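**Q** Kindly return the folded structure for what I paste below:
(one chain, ligands or ions: 1)
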Amino acid sequence: MTPSLLSDLRAALESKRAELRGPKREDIEITKWADPIDQSQADQLREQADGEANRVDGHLKAINEALARMKAGEYGICEECGEEIPEKRLRAVPWARRCVACQEEMEKR
Ligand SMILES: [Zn+2]
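**A** The predicted model follows:
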């Protein structure tokens, strides 16, 4: 992997992380405590907000792990087969931990 690709991907990860940590999280809190119209609707909103918060947490974790791998010099290597993950995939999914073949294999299991 070239240093310029690495720095592109680091920038992509950091901007995604900033986006995930951004004002959206406050929106979730506001949604959570919005005036309940009725109880079931309030529960539904809360569930949606929790689901969204979990999804964001998972995504942030994946991004932080990718940045940690960059620091350790292990970034861009498929954790299953040990091959380099292709640039195209990393540009699309900079926090990818596996190459497409291994990812598909894992999802089948
Ligand atoms: Zn692989």
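**Q** Specify the next element, helix or strand, located C-terminal of the longest helix belonging to the chain.
**A** Scanning the chain for the helix with the most residues, using DSSP state H, yields helix 39-72. Counting by DSSP states H and E, the element after helix 39-72 in chain order, helix or strand, is helix 87-92.
**Q** if we can go back for a sec, buried stuff in the longest helix of the chain?
**A** 45, 49, 52, 56, 62, 63, 66, 67, 69, 70 (16 or more other C-beta atoms under 10 Å). Backbone N, C-alpha and C define where each C-beta goes, glycine included.
**Q** Any figure for the gap between the fifth one and the ion?
**A** The one in question is residue 62. 17 Å (C-beta to the ion, to the nearest Å).
**Q** same thing with the last one?
**A** Going from residue 70 to the ion by C-beta to the ion gives 18 Å.
**Q** so what pLDDT did the nearest residue to that residue once chain neighbours are set aside get?
**A** Leaving aside its sequence neighbours, residue 70 sits nearest to residue 10 (C-beta to C-beta, 6 or more residues apart in numbering; 5.9 Å). For residue 10, the model assigns a pLDDT of 97.
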